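> What follows is a predicted structure for the sequence shown.
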Amino acid sequence: MAQEWNIRPRGHVCSLCAQPLVDRRPCVSVLREAEGGYERLDCHTACWREAPRDWEPFSFWEGEYAAPAPVQPRDEPVKKETAEGLLRRLITLEDPAMQNVVYVLAVMLERGRQLVERDAKPHEGGILRVYEHKKSGDTFVVFDPRLRLDQLGEVQQQVLALLSGTHTLGGGPGEGAAE
């Protein structure tokens, strides 16, 4: 399921006309299935409407482009793990054993109004949910394994242990993820 967990950052130029997207102006974001994963396109609304295409998008939505804010360096002696940071790390690990944790983190961020669900598609054994990060515009495609209530407690404990630093992810050969 590696392709379901890729993060796709927002583009800053129109994928169709190559002109810069304008801050606080409408734009269309599109995900389409490509070999080995998903491809994200960000377009001016007019370009999207007028462009001929011989393919169907996996998902698309209209939004407002937000230009990236200048990065302010912070003096932070100890790096704190956040739900968003952990989600991004787990997605890049592409560890199927962490799919429940990835899903719970995405739901936490959605409820915290950091992620917005843009689409949901049935998928073998669950649902693929497309989330967009409100500030950065990054797109996350997360597998919803349709957890049962009796499974949530264990997954919540994993999430808490990973966020608090009492349990870490394995990194070397033969080391597994938190169980």
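Sure thing, it's come through.
> Where do the strands of this protein begin and end?
All strands of the chain, identified by DSSP state E, fall at 7-8, 26-34, 37-44, 59-64, 115-123, 126-133, 139-144.
> what's the most buried one of those strands?
Scoring the strands of the chain by mean neighbour count under mean count of other CB atoms under 10 Å gives strand 139-144 as the most buried, with a mean of 24. Just so you know, the C-beta spots here come from the backbone N, C-alpha and C atoms, and that holds for glycine as well.
> quick one: contacts of that one?
Defining contact as CB atoms under 8 Å, 6 or more residues apart in numbering, one finds that strand 139-144 is touched by 1, 3-10, 29, 31, 38, 40, 87, 91, 99, 102-103, 106, 115, 118, 120, 123, 126-133.
> one more time with 6 Å
For strand 139-144, the external contacting residues (CB atoms under 6 Å, 6 or more residues apart in numbering) are 1, 4, 7-8, 40, 99, 102-103, 106, 126-132.
> Now do that strand and strand 59-64, the angle between them.
Strand 139-144 runs at 130 degrees relative to strand 59-64, counting by axes from the mean of the first three to the mean of the last three CA atoms, to 10 degrees.
> Can you get me a residue count around residue 99?
Neighbour count for residue 99, taken as other CB atoms under 10 Å: 22.
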